[in-house]
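In: Here is my input, please return the structure:
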Amino acid sequence: MRVCIYDEILDQIQEHLLLAMIPRPVLVLAGMLVNRVGEDVVITSCFATNIYVNLEIQQTMIMQQRNPNMSQAVQLIPANDPPAE
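Out: Numbering: from 1, shown residues only. Below you'll find the predicted structure:
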């Protein structure tokens with residue numbers, strides 16, 4: 001699955017603070033568009049997209065408990081530099 005978040009949506013968060021957070025933050029992306037491109041599923045931001053960081057809900061706590069070893073900082077991967085598989 002590929003997630004594409006456009007620059008204007010990232011303006012909702014303070015990127016430099018997000019990248020420095022340890023343990024890694026839990027992001028909730030709301031209002032995303034889901035499309036199928038061939039065999040792939042692509043989730044894309046739109047005008048209605050909101051980003052929530054460490055939202056105070058039970059699911060955030062569950063994610064943090066499931067992944068207690070998330071001690072490395074967050075890494076952003078530019079769209080023109082896809083992750084190695």
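In: The residue nearest to Gln12 when sequence neighbours are not counted - how many residues pack around it?
Out: With sequence-adjacent residues excluded and distances taken as CB to CB, 6 or more residues apart in numbering, Gln12 is closest to Ile51, at 5.0 Å. In this view, the C-beta of every residue, glycine as well, is placed from N, C-alpha and C. Per other CB atoms under 10 Å, the neighbour tally for Ile51 reads 19.
In: so what's Ile51 bridging to?
Out: Per DSSP bridges, the residues bridged to Ile51 are Leu29.
In: Let me see the contact set for it.
Out: For Ile51, the contact set (CB atoms under 8 Å, 6 or more residues apart in numbering) comprises Ile5, Ile9, Leu10, Gln12, Ile13, Leu27, Val28, Leu29, Ala30.
In: Please identify the buried residues of the host helix or strand of His16?
Out: Using DSSP states H and E, His16 falls within helix 15-20. Going by neighbour count (16 or more other CB atoms under 10 Å), the buried part of helix 15-20 is Leu18.
In: name the helices or strands packed onto that helix?
Out: Judged by 3 or more CB pairs under 8 Å, 6 or more residues apart in numbering; DSSP states H and E, helix 15-20 is in contact with no other helix or strand.
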